[in-house]
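Chemist: Got a predicted structure here, sequence first:
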Amino acid sequence: MPRPRATFSGTSQPRKRHLWRWILGIAALVTLLLILGVAAYSLPYYRKAQGFDISRIATYQETTMFLDKQGLECGRLFVENRTVLPHEDIPPMMRNAIVAVEDRRFRQHHGIDVRGLARAIHSNVTTRKVAQGGRELLVIAEEVEGEALAALVVNKLRGVLKVCAVKAPGFGDRRKEMLKDIAVLTGAKFIAEDLGEKLENVELADLGTAKNVKVEKEATTIIEGAGKKADIQARIAQIKQQIDETTSDYDREKLQERLAKLSGGVAVVKVGAATEPEMKEKKARIEDALHATRAAVEEGIVPGGGVAIINASSALDSVQLTGDQATGVQILRRALEEPLRMLAENAGVEGSVVVSGVRRAQAEKNDKEIGYDVLANDYVNMVQVGIIDPVKVTRSALENAVSIAGMILTTEALVTDIPEPKTPPAPAGGMPEY
(Lines give C-alpha, C1' and ligand atoms only; values in the text may rest on other atoms or scores of the structure.)
Protein backbone atom coordinates (compact mmCIF):
# COMPACT_ATOMS: atom_id res chain seq x y z
CA MET A 1 0.00 0.00 0.00
CA PRO A 2 1.58 3.35 -1.06
CA ARG A 3 2.57 5.91 1.64
CA PRO A 4 0.40 9.03 1.59
CA ARG A 5 2.19 12.24 0.53
CA ALA A 6 1.96 15.46 2.49
CA THR A 7 0.73 18.44 0.44
CA PHE A 8 1.18 22.18 1.21
CA SER A 9 -1.13 24.89 -0.07
CA GLY A 10 0.87 27.99 -1.16
CA THR A 11 1.73 29.80 2.07
CA SER A 12 3.87 32.40 0.16
CA GLN A 13 0.80 34.17 -1.31
CA PRO A 14 -0.51 35.51 2.05
CA ARG A 15 2.98 36.75 2.83
CA LYS A 16 3.14 38.69 -0.47
CA ARG A 17 -0.27 40.22 0.14
CA HIS A 18 0.80 41.28 3.61
CA LEU A 19 3.98 42.89 2.21
CA TRP A 20 2.07 44.81 -0.46
CA ARG A 21 -0.33 46.13 2.19
CA TRP A 22 2.59 47.53 4.15
CA ILE A 23 4.10 49.17 1.02
CA LEU A 24 0.79 50.79 0.03
CA GLY A 25 0.22 52.00 3.56
CA ILE A 26 3.66 53.62 3.75
CA ALA A 27 3.18 55.25 0.32
CA ALA A 28 -0.21 56.66 1.37
CA LEU A 29 1.31 58.02 4.59
CA VAL A 30 4.17 59.73 2.71
CA THR A 31 1.72 61.26 0.21
CA LEU A 32 -0.44 62.58 3.04
CA LEU A 33 2.59 64.13 4.75
CA LEU A 34 3.65 65.83 1.51
CA ILE A 35 0.18 67.29 1.01
CA LEU A 36 0.12 68.59 4.57
CA GLY A 37 3.61 70.09 4.15
CA VAL A 38 2.70 71.93 0.95
CA ALA A 39 -0.51 73.20 2.53
CA ALA A 40 1.34 74.43 5.62
CA TYR A 41 3.93 76.21 3.45
CA SER A 42 1.32 77.91 1.24
CA LEU A 43 -1.12 78.86 4.00
CA PRO A 44 0.76 82.02 5.17
CA TYR A 45 0.90 83.42 1.64
CA TYR A 46 -2.77 82.64 1.08
CA ARG A 47 -3.78 84.33 4.32
CA LYS A 48 -1.67 87.39 3.53
CA ALA A 49 -3.15 87.67 0.06
CA GLN A 50 -6.71 87.23 1.34
CA GLY A 51 -6.07 89.65 4.17
CA PHE A 52 -5.05 92.46 1.82
CA ASP A 53 -7.95 94.92 1.73
CA ILE A 54 -7.59 97.89 -0.58
CA SER A 55 -10.31 99.76 1.33
CA ARG A 56 -7.99 99.96 4.37
CA ILE A 57 -4.99 101.28 2.45
CA ALA A 58 -5.02 104.67 4.14
CA THR A 59 -4.43 103.05 7.55
CA TYR A 60 -1.18 101.38 6.50
CA GLN A 61 2.09 103.07 7.42
CA GLU A 62 4.55 101.59 4.97
CA THR A 63 5.14 103.17 1.58
CA THR A 64 7.44 102.95 -1.41
CA MET A 65 8.55 105.17 -4.27
CA PHE A 66 7.04 105.89 -7.67
CA LEU A 67 8.81 106.83 -10.83
CA ASP A 68 7.80 107.21 -14.46
CA LYS A 69 9.46 107.71 -17.81
CA GLN A 70 8.84 109.13 -21.26
CA GLY A 71 9.46 107.19 -24.45
CA LEU A 72 12.07 105.00 -22.76
CA GLU A 73 12.58 101.26 -23.14
CA CYS A 74 12.60 100.29 -19.46
CA GLY A 75 13.19 96.55 -19.62
CA ARG A 76 11.73 93.19 -20.48
CA LEU A 77 8.59 91.71 -19.03
CA PHE A 78 9.20 90.03 -15.70
CA VAL A 79 8.03 86.43 -15.64
CA GLU A 80 7.76 84.81 -12.20
CA ASN A 81 8.60 81.15 -11.82
CA ARG A 82 5.00 80.50 -10.79
CA THR A 83 3.11 81.64 -13.88
CA VAL A 84 -0.33 82.67 -12.67
CA LEU A 85 -1.57 84.99 -15.42
CA PRO A 86 -0.92 84.37 -19.12
CA HIS A 87 0.67 87.16 -21.09
CA GLU A 88 -2.49 87.56 -23.18
CA ASP A 89 -4.35 88.80 -20.09
CA ILE A 90 -2.04 91.80 -19.73
CA PRO A 91 -3.50 94.86 -21.48
CA PRO A 92 -1.27 95.93 -24.40
CA MET A 93 -1.80 99.61 -23.58
CA MET A 94 -2.18 100.97 -20.05
CA ARG A 95 -3.54 104.51 -20.02
CA ASN A 96 -3.03 107.06 -17.24
CA ALA A 97 -0.82 104.61 -15.38
CA ILE A 98 1.15 105.06 -12.20
CA VAL A 99 4.67 103.68 -12.54
CA ALA A 100 6.47 102.39 -9.46
CA VAL A 101 10.21 101.86 -9.71
CA GLU A 102 12.01 100.03 -6.92
CA ASP A 103 15.77 99.66 -6.76
CA ARG A 104 15.48 96.54 -4.62
CA ARG A 105 13.35 93.41 -4.61
CA PHE A 106 9.66 94.23 -4.48
CA ARG A 107 8.54 92.12 -1.54
CA GLN A 108 7.73 92.20 2.19
CA HIS A 109 11.17 93.49 3.12
CA HIS A 110 12.35 96.56 5.06
CA GLY A 111 8.99 98.27 4.74
CA ILE A 112 8.92 97.93 0.97
CA ASP A 113 5.72 96.02 0.29
CA VAL A 114 2.51 96.12 -1.64
CA ARG A 115 0.56 97.76 1.18
CA GLY A 116 2.68 100.87 1.06
CA LEU A 117 2.49 100.88 -2.71
CA ALA A 118 -1.27 100.65 -2.67
CA ARG A 119 -1.53 103.31 0.06
CA ALA A 120 0.25 105.77 -2.21
CA ILE A 121 -2.14 104.92 -5.04
CA HIS A 122 -5.07 105.43 -2.69
CA SER A 123 -3.71 108.85 -1.76
CA ASN A 124 -3.38 109.69 -5.44
CA VAL A 125 -7.02 108.78 -6.04
CA THR A 126 -8.57 110.34 -2.94
CA THR A 127 -6.92 113.70 -3.62
CA ARG A 128 -8.98 113.79 -6.84
CA LYS A 129 -5.85 113.91 -9.00
CA VAL A 130 -7.48 111.22 -11.09
CA ALA A 131 -10.89 109.63 -11.07
CA GLN A 132 -11.53 106.41 -9.16
CA GLY A 133 -10.79 103.43 -11.38
CA GLY A 134 -9.02 105.53 -13.99
CA ARG A 135 -5.53 104.61 -12.90
CA GLU A 136 -3.47 101.49 -13.60
CA LEU A 137 -0.21 100.42 -12.01
CA LEU A 138 3.08 99.40 -13.58
CA VAL A 139 5.72 98.11 -11.16
CA ILE A 140 9.39 98.23 -12.20
CA ALA A 141 11.46 96.22 -9.73
CA GLU A 142 14.40 93.86 -9.45
CA GLU A 143 12.06 91.00 -8.57
CA VAL A 144 8.41 90.58 -7.57
CA GLU A 145 7.94 87.92 -4.93
CA GLY A 146 6.59 87.05 -1.50
CA GLU A 147 3.60 88.92 -0.13
CA ALA A 148 3.82 91.49 -2.92
CA LEU A 149 3.41 88.82 -5.59
CA ALA A 150 0.51 87.14 -3.79
CA ALA A 151 -1.35 90.41 -3.22
CA LEU A 152 -0.84 91.63 -6.78
CA VAL A 153 -2.08 88.37 -8.26
CA VAL A 154 -5.15 88.19 -6.00
CA ASN A 155 -6.15 91.78 -6.68
CA LYS A 156 -5.55 91.31 -10.39
CA LEU A 157 -7.91 88.34 -10.37
CA ARG A 158 -10.49 90.28 -8.37
CA GLY A 159 -10.23 93.25 -10.68
CA VAL A 160 -9.57 95.61 -7.76
CA LEU A 161 -6.05 96.71 -8.66
CA LYS A 162 -5.01 96.75 -12.33
CA VAL A 163 -1.32 96.00 -12.16
CA CYS A 164 1.54 94.75 -14.32
CA ALA A 165 5.08 93.98 -13.14
CA VAL A 166 8.22 94.32 -15.28
CA LYS A 167 11.87 93.83 -14.51
CA ALA A 168 14.08 96.88 -14.06
CA PRO A 169 16.61 97.54 -16.84
CA GLY A 170 20.34 97.00 -16.50
CA PHE A 171 22.41 95.48 -13.71
CA GLY A 172 24.26 96.74 -10.65
CA ASP A 173 25.19 100.40 -10.52
CA ARG A 174 24.14 100.89 -14.14
CA ARG A 175 20.59 99.90 -13.19
CA LYS A 176 20.50 102.62 -10.53
CA GLU A 177 21.68 105.23 -13.02
CA MET A 178 18.95 104.15 -15.44
CA LEU A 179 16.36 104.55 -12.71
CA LYS A 180 17.68 108.05 -12.08
CA ASP A 181 17.26 108.76 -15.79
CA ILE A 182 13.66 107.61 -15.52
CA ALA A 183 13.11 109.90 -12.55
CA VAL A 184 14.46 112.89 -14.46
CA LEU A 185 12.32 112.13 -17.48
CA THR A 186 9.15 112.04 -15.40
CA GLY A 187 9.85 114.71 -12.83
CA ALA A 188 9.68 112.11 -10.07
CA LYS A 189 11.91 111.93 -7.02
CA PHE A 190 14.33 109.03 -6.90
CA ILE A 191 14.43 107.50 -3.43
CA ALA A 192 16.83 104.74 -2.46
CA GLU A 193 18.00 103.38 0.86
CA ASP A 194 21.68 103.92 0.16
CA LEU A 195 21.01 107.66 -0.21
CA GLY A 196 19.89 107.90 3.40
CA GLU A 197 16.29 108.71 2.50
CA LYS A 198 13.34 106.99 4.13
CA LEU A 199 10.64 105.40 2.07
CA GLU A 200 7.90 106.27 4.54
CA ASN A 201 8.43 109.97 3.75
CA VAL A 202 7.22 109.65 0.16
CA GLU A 203 4.48 112.14 -0.66
CA LEU A 204 2.10 112.58 -3.54
CA ALA A 205 4.35 115.23 -5.10
CA ASP A 206 7.13 112.64 -5.38
CA LEU A 207 5.12 110.34 -7.64
CA GLY A 208 5.40 110.12 -11.39
CA THR A 209 2.75 109.36 -13.97
CA ALA A 210 2.59 108.26 -17.58
CA LYS A 211 -0.11 108.92 -20.14
CA ASN A 212 0.51 105.67 -22.03
CA VAL A 213 2.38 102.49 -21.12
CA LYS A 214 2.88 99.80 -23.75
CA VAL A 215 3.79 96.39 -22.30
CA GLU A 216 5.20 93.79 -24.67
CA LYS A 217 6.83 90.43 -24.10
CA GLU A 218 10.41 91.68 -24.42
CA ALA A 219 10.12 95.41 -23.68
CA THR A 220 8.02 98.06 -21.98
CA THR A 221 7.66 101.58 -23.34
CA ILE A 222 6.36 104.40 -21.17
CA ILE A 223 5.28 107.53 -23.02
CA GLU A 224 4.67 111.16 -22.06
CA GLY A 225 6.15 111.71 -18.64
CA ALA A 226 6.22 114.99 -16.74
CA GLY A 227 9.94 115.77 -16.56
CA LYS A 228 11.19 119.34 -16.81
CA LYS A 229 13.21 120.17 -19.92
CA ALA A 230 15.86 121.95 -17.89
CA ASP A 231 16.43 118.89 -15.70
CA ILE A 232 16.56 116.60 -18.73
CA GLN A 233 19.10 118.83 -20.49
CA ALA A 234 21.24 118.92 -17.34
CA ARG A 235 21.16 115.13 -17.16
CA ILE A 236 22.11 114.90 -20.84
CA ALA A 237 25.07 117.24 -20.28
CA GLN A 238 26.21 115.09 -17.35
CA ILE A 239 26.12 111.91 -19.45
CA LYS A 240 28.03 113.61 -22.29
CA GLN A 241 30.75 114.56 -19.83
CA GLN A 242 30.96 110.95 -18.64
CA ILE A 243 31.29 109.81 -22.26
CA ASP A 244 34.25 112.15 -22.77
CA GLU A 245 35.97 111.03 -19.56
CA THR A 246 35.52 107.25 -19.78
CA THR A 247 38.29 105.05 -21.19
CA SER A 248 36.17 101.90 -21.60
CA ASP A 249 34.51 101.24 -24.94
CA TYR A 250 31.80 99.18 -23.25
CA ASP A 251 30.96 101.94 -20.76
CA ARG A 252 30.97 104.49 -23.58
CA GLU A 253 28.49 102.39 -25.57
CA LYS A 254 26.14 102.05 -22.59
CA LEU A 255 26.38 105.78 -21.86
CA GLN A 256 25.53 106.53 -25.48
CA GLU A 257 22.46 104.29 -25.20
CA ARG A 258 21.31 106.21 -22.13
CA LEU A 259 21.97 109.48 -23.93
CA ALA A 260 19.88 108.36 -26.90
CA LYS A 261 16.99 107.39 -24.64
CA LEU A 262 17.08 110.71 -22.80
CA SER A 263 17.25 112.58 -26.08
CA GLY A 264 14.31 110.66 -27.49
CA GLY A 265 16.40 109.17 -30.28
CA VAL A 266 15.42 105.53 -29.88
CA ALA A 267 14.57 103.38 -32.90
CA VAL A 268 13.98 99.66 -33.39
CA VAL A 269 14.85 98.09 -36.74
CA LYS A 270 13.09 94.78 -37.39
CA VAL A 271 14.69 92.68 -40.12
CA GLY A 272 12.56 90.24 -42.07
CA ALA A 273 13.27 87.97 -45.02
CA ALA A 274 11.94 84.91 -46.81
CA THR A 275 14.78 82.64 -45.63
CA GLU A 276 17.14 82.58 -42.67
CA PRO A 277 20.36 83.11 -44.73
CA GLU A 278 18.80 86.14 -46.41
CA MET A 279 17.71 87.49 -43.04
CA LYS A 280 21.22 87.10 -41.59
CA GLU A 281 22.73 88.84 -44.61
CA LYS A 282 20.31 91.75 -44.28
CA LYS A 283 20.95 91.96 -40.57
CA ALA A 284 24.71 92.12 -41.16
CA ARG A 285 24.23 94.96 -43.66
CA ILE A 286 22.06 96.90 -41.23
CA GLU A 287 24.58 96.39 -38.43
CA ASP A 288 27.35 97.67 -40.71
CA ALA A 289 25.25 100.72 -41.54
CA LEU A 290 24.59 101.30 -37.84
CA HIS A 291 28.28 101.13 -36.93
CA ALA A 292 29.16 103.39 -39.87
CA THR A 293 26.58 105.93 -38.74
CA ARG A 294 27.97 105.95 -35.21
CA ALA A 295 31.48 106.43 -36.57
CA ALA A 296 30.26 109.28 -38.78
CA VAL A 297 28.69 110.99 -35.78
CA GLU A 298 32.02 110.85 -33.94
CA GLU A 299 34.41 112.19 -36.61
CA GLY A 300 32.36 113.24 -39.64
CA ILE A 301 32.26 112.02 -43.25
CA VAL A 302 34.37 112.16 -46.43
CA PRO A 303 33.59 111.34 -50.09
CA GLY A 304 33.35 107.59 -50.62
CA GLY A 305 34.32 105.36 -53.50
CA GLY A 306 38.06 105.68 -52.79
CA VAL A 307 38.02 109.45 -53.47
CA ALA A 308 39.12 110.46 -49.97
CA ILE A 309 42.11 108.11 -50.06
CA ILE A 310 43.21 109.19 -53.51
CA ASN A 311 42.93 112.82 -52.38
CA ALA A 312 45.13 112.00 -49.40
CA SER A 313 47.95 111.10 -51.79
CA SER A 314 48.41 114.82 -52.50
CA ALA A 315 50.18 115.04 -49.14
CA LEU A 316 53.07 113.14 -50.78
CA ASP A 317 53.65 115.87 -53.40
CA SER A 318 55.70 117.98 -51.01
CA VAL A 319 57.90 115.07 -49.92
CA GLN A 320 61.38 115.40 -51.47
CA LEU A 321 63.30 112.13 -51.23
CA THR A 322 65.81 110.20 -53.32
CA GLY A 323 66.85 106.62 -53.86
CA ASP A 324 64.97 103.85 -52.14
CA GLN A 325 62.98 106.35 -50.08
CA ALA A 326 61.59 107.94 -53.24
CA THR A 327 60.67 104.46 -54.46
CA GLY A 328 58.78 103.88 -51.21
CA VAL A 329 56.83 107.11 -51.74
CA GLN A 330 55.82 105.99 -55.24
CA ILE A 331 54.72 102.61 -53.88
CA LEU A 332 52.55 104.34 -51.28
CA ARG A 333 51.08 106.69 -53.90
CA ARG A 334 50.22 103.72 -56.11
CA ALA A 335 48.68 101.84 -53.16
CA LEU A 336 46.39 104.79 -52.37
CA GLU A 337 44.92 104.50 -55.87
CA GLU A 338 44.16 100.80 -55.47
CA PRO A 339 40.68 101.07 -53.82
CA LEU A 340 39.41 103.22 -56.71
CA ARG A 341 41.06 100.92 -59.28
CA MET A 342 39.45 97.86 -57.70
CA LEU A 343 35.98 99.43 -57.71
CA ALA A 344 36.34 100.30 -61.39
CA GLU A 345 37.65 96.87 -62.38
CA ASN A 346 34.83 95.15 -60.50
CA ALA A 347 32.44 97.20 -62.65
CA GLY A 348 34.20 96.08 -65.84
CA VAL A 349 36.04 99.36 -66.43
CA GLU A 350 39.79 99.91 -66.77
CA GLY A 351 41.07 101.11 -63.39
CA SER A 352 43.83 103.37 -64.74
CA VAL A 353 41.34 105.20 -66.98
CA VAL A 354 39.00 105.86 -64.04
CA VAL A 355 41.81 107.16 -61.81
CA SER A 356 42.93 109.55 -64.54
CA GLY A 357 39.32 110.58 -65.19
CA VAL A 358 38.71 111.40 -61.52
CA ARG A 359 41.86 113.52 -61.30
CA ARG A 360 40.95 115.34 -64.52
CA ALA A 361 37.34 115.99 -63.41
CA GLN A 362 38.51 117.32 -60.06
CA ALA A 363 40.94 119.69 -61.76
CA GLU A 364 38.38 120.93 -64.30
CA LYS A 365 35.62 121.61 -61.73
CA ASN A 366 38.00 122.49 -58.88
CA ASP A 367 36.08 120.09 -56.65
CA LYS A 368 37.84 117.45 -54.57
CA GLU A 369 34.54 115.64 -53.95
CA ILE A 370 34.27 114.47 -57.58
CA GLY A 371 34.43 110.70 -57.94
CA TYR A 372 33.32 107.82 -60.13
CA ASP A 373 29.75 106.55 -59.65
CA VAL A 374 29.89 102.89 -60.65
CA LEU A 375 26.13 102.47 -61.07
CA ALA A 376 25.66 105.64 -63.14
CA ASN A 377 28.99 105.21 -64.99
CA ASP A 378 29.64 108.92 -64.54
CA TYR A 379 31.85 111.34 -62.64
CA VAL A 380 29.70 113.06 -59.99
CA ASN A 381 29.95 114.84 -56.65
CA MET A 382 30.05 111.88 -54.30
CA VAL A 383 28.69 113.74 -51.26
CA GLN A 384 25.69 115.10 -53.15
CA VAL A 385 24.64 111.68 -54.42
CA GLY A 386 25.12 110.10 -50.99
CA ILE A 387 28.28 108.06 -51.61
CA ILE A 388 30.16 108.78 -48.39
CA ASP A 389 32.42 107.07 -45.87
CA PRO A 390 32.94 107.83 -42.17
CA VAL A 391 36.23 109.59 -41.45
CA LYS A 392 36.93 107.18 -38.62
CA VAL A 393 36.59 104.12 -40.86
CA THR A 394 38.75 105.57 -43.64
CA ARG A 395 41.41 106.81 -41.24
CA SER A 396 41.56 103.52 -39.31
CA ALA A 397 41.83 101.48 -42.52
CA LEU A 398 44.70 103.63 -43.81
CA GLU A 399 46.57 103.59 -40.49
CA ASN A 400 46.23 99.81 -40.10
CA ALA A 401 47.32 99.19 -43.70
CA VAL A 402 50.46 101.30 -43.26
CA SER A 403 51.22 99.60 -39.95
CA ILE A 404 50.95 96.10 -41.42
CA ALA A 405 53.00 97.04 -44.48
CA GLY A 406 55.75 98.50 -42.30
CA MET A 407 55.79 95.40 -40.14
CA ILE A 408 56.17 93.11 -43.15
CA LEU A 409 58.95 95.23 -44.67
CA THR A 410 60.97 95.15 -41.44
CA THR A 411 60.49 91.41 -40.93
CA GLU A 412 63.13 89.02 -42.26
CA ALA A 413 60.80 86.03 -42.40
CA LEU A 414 57.08 85.31 -42.30
CA VAL A 415 55.45 82.23 -40.78
CA THR A 416 52.56 80.72 -42.68
CA ASP A 417 50.74 77.42 -42.98
CA ILE A 418 52.15 74.78 -45.33
CA PRO A 419 49.76 74.34 -48.27
CA GLU A 420 48.00 71.02 -48.09
CA PRO A 421 48.30 68.81 -51.21
CA LYS A 422 45.16 68.77 -53.26
CA THR A 423 43.42 65.42 -53.59
CA PRO A 424 43.21 64.36 -57.27
CA PRO A 425 39.73 63.81 -58.66
CA ALA A 426 38.21 60.37 -58.44
CA PRO A 427 38.70 58.23 -61.56
CA ALA A 428 35.83 57.65 -63.91
CA GLY A 429 34.14 54.29 -64.23
CA GLY A 430 36.26 51.54 -65.77
CA MET A 431 39.55 53.27 -64.88
CA PRO A 432 42.04 51.74 -62.42
CA GLU A 433 41.93 52.95 -58.84
CA TYR A 434 44.56 55.37 -57.59
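Modeler: Now that the structure is in, tell me what you want to look at. Numbers count the residues shown, from 1 in each chain.
Chemist: need the helices for this structure, in chain order.
Modeler: 12-51, 114-126, 146-158, 172-186, 229-245, 249-263, 276-299, 307-312, 324-336, 338-346, 351-365, 391-409 (DSSP state H).
Chemist: Lowest mean pLDDT across the ones you listed, which one is that?
Modeler: Lowest mean pLDDT within the helices of the chain: helix 114-126, at a mean of 52.
Chemist: about what we covered before: looking at the helices of the chain, which is nearest to Ala219?
Modeler: In terms of CB to CB, the element of those nearest to Ala219 is helix 249-263, at 12.0 Å. All C-beta spots, glycine's among them, are computed from the backbone N, C-alpha and C.
Chemist: contacting residues for the closest residue to Gln384 other than its chain neighbours?
Modeler: Of all residues not flanking Gln384 in the chain, Glu369 sits nearest, at 7.7 Å (CB to CB, 6 or more residues apart in numbering). By CB atoms under 8 Å, 6 or more residues apart in numbering, Glu369 lies in contact with 303, 307, 381-384.
Chemist: Please list only the buried members of those.
Modeler: 303, 307, 381-383 (16 or more other CB atoms under 10 Å).
Chemist: Going by distance to Gln238, which of these wins?
Modeler: Among the buried ones among the contacts of Glu369, and counting by CB to CB, the member closest to Gln238 is Val383, at 34.7 Å.
Chemist: where's the closest residue to that closest one other than its chain neighbours relative to Asp389, distance?
Modeler: Distance criterion CB to CB, 6+ apart; nearest residue to Val383, sequence neighbours excluded, is Glu369 at 5.0 Å. Distance, Glu369 to Asp389, by CB to CB, to the nearest Å: 12 Å.
Chemist: shared neighbours, the two?
Modeler: Pro303.
Chemist: Domain boundaries for this structure, per the record?
Modeler: For the chain, automatic domain parsing gives the domain ranges 54-226, 228-263, 301-409.
Chemist: In the second one, which residues are buried?
Modeler: When you say that, I think you mean domain 228-263. 232, 235-236, 239, 243, 254-256, 258-259, 261-262.
Chemist: Regarding that domain, how distant is the last residue from the first?
Modeler: With CA to CA, to the nearest Å as the measure, domain 228-263 spans 13 Å from end to end.
Chemist: looking at it, Gly304 is touching Met382, isn't it?
Modeler: Yes. Between Gly304 and Met382 there is a contact at 5.7 Å, judged by CB atoms under 8 Å.
Chemist: Report the set of residues contacting both of these two.
Modeler: Common contacts of Gly304 and Met382 (CB under 8 Å, 6+ apart): 371, 388.
Chemist: residues making contact with stretch 240-258?
Modeler: 174, 177-178, 181, 239, 259, 294.
Chemist: Out of these, which end up buried?
Modeler: 177-178, 181, 239, 259.
Chemist: can you tell me which of those residues lies nearest to Leu409?
Modeler: Looking across these and measuring by CB to CB, the closest to Leu409 is Leu259, at 43.2 Å.
Chemist: Against Ile301, how distant is the closest one?
Modeler: 21 Å.
Chemist: Repeat that for Ala219.
Modeler: 32 Å.
Chemist: the more surrounded of the two?
Modeler: Taking other CB atoms under 10 Å, Ala219 and Ile301 do not tie; Ile301 has more neighbours (19 against 15).
Chemist: got the contact list for that one?
Modeler: 383, 388-391.
Chemist: repeat that for 7 Å
Modeler: 388-391 (CB atoms under 7 Å, 6 or more residues apart in numbering).
Chemist: Distance of Ala335 relative to Ala405?
Modeler: 8 Å.
Chemist: er, Thr246 actually
Modeler: Distance from Thr246 to Ala405, by CB to CB: 33 Å.
Chemist: How about Asp373?
Modeler: Counting by CB to CB, the gap from Asp373 to Ala405 is 30 Å.
Chemist: Asp249 too?
Modeler: Counting by CB to CB, the gap from Asp249 to Ala405 is 26 Å.
Chemist: about what we covered before: do you know the pLDDT at the residue nearest to Val383?
Modeler: 90.
Chemist: Contact partners for Gly351?
Modeler: 341, 344-345.
Chemist: hmm, back to that, ok, so of the buried residues of domain 228-263, who is nearest Ile140?
Modeler: Lys261 (14.4 Å).
Chemist: Please tell me how far the closest one sits from Ile331.
Modeler: 49 Å.
Chemist: and what of Ala260?
Modeler: Ala260 is 44 Å from Ile331, by CB to CB.
Chemist: do the same with Val383
Modeler: 30 Å.
Chemist: before we move on, what about Glu281?
Modeler: 36 Å.
Chemist: about what we covered before: what two of the buried residues of domain 228-263 are the furthest from one another?
Modeler: Ile232 and Lys254 (18.7 Å).
Chemist: Pretty sure Val393 sits against Ala292.
Modeler: Yes. Under the criterion of CB atoms under 7 Å, Val393 is in contact with Ala292, at a separation of 6.4 Å.
Chemist: Low-confidence stretches in the stretch 51-200 of the chain?
Modeler: Applying pLDDT under 70 to the stretch 51-200 of the chain flags residues 51-138, 141-152, 154-156, 158-162, 191, 193, 196-200.
Chemist: out of the contacts of Ile301, who's nearest Val353?
Modeler: So of the contacts of Ile301, ranked by how close each gets to Val353 (CB to CB), first place is Asp389, at 22.8 Å.
Chemist: What count of nearby residues applies to the closest residue to that closest one other than its chain neighbours?
Modeler: The shortest distance from Asp389 to any non-neighbouring residue, by CB to CB, 6+ apart, is to Gly304 (4.2 Å). The tally of other residues near Gly304 (other CB under 10 Å) stands at 21.
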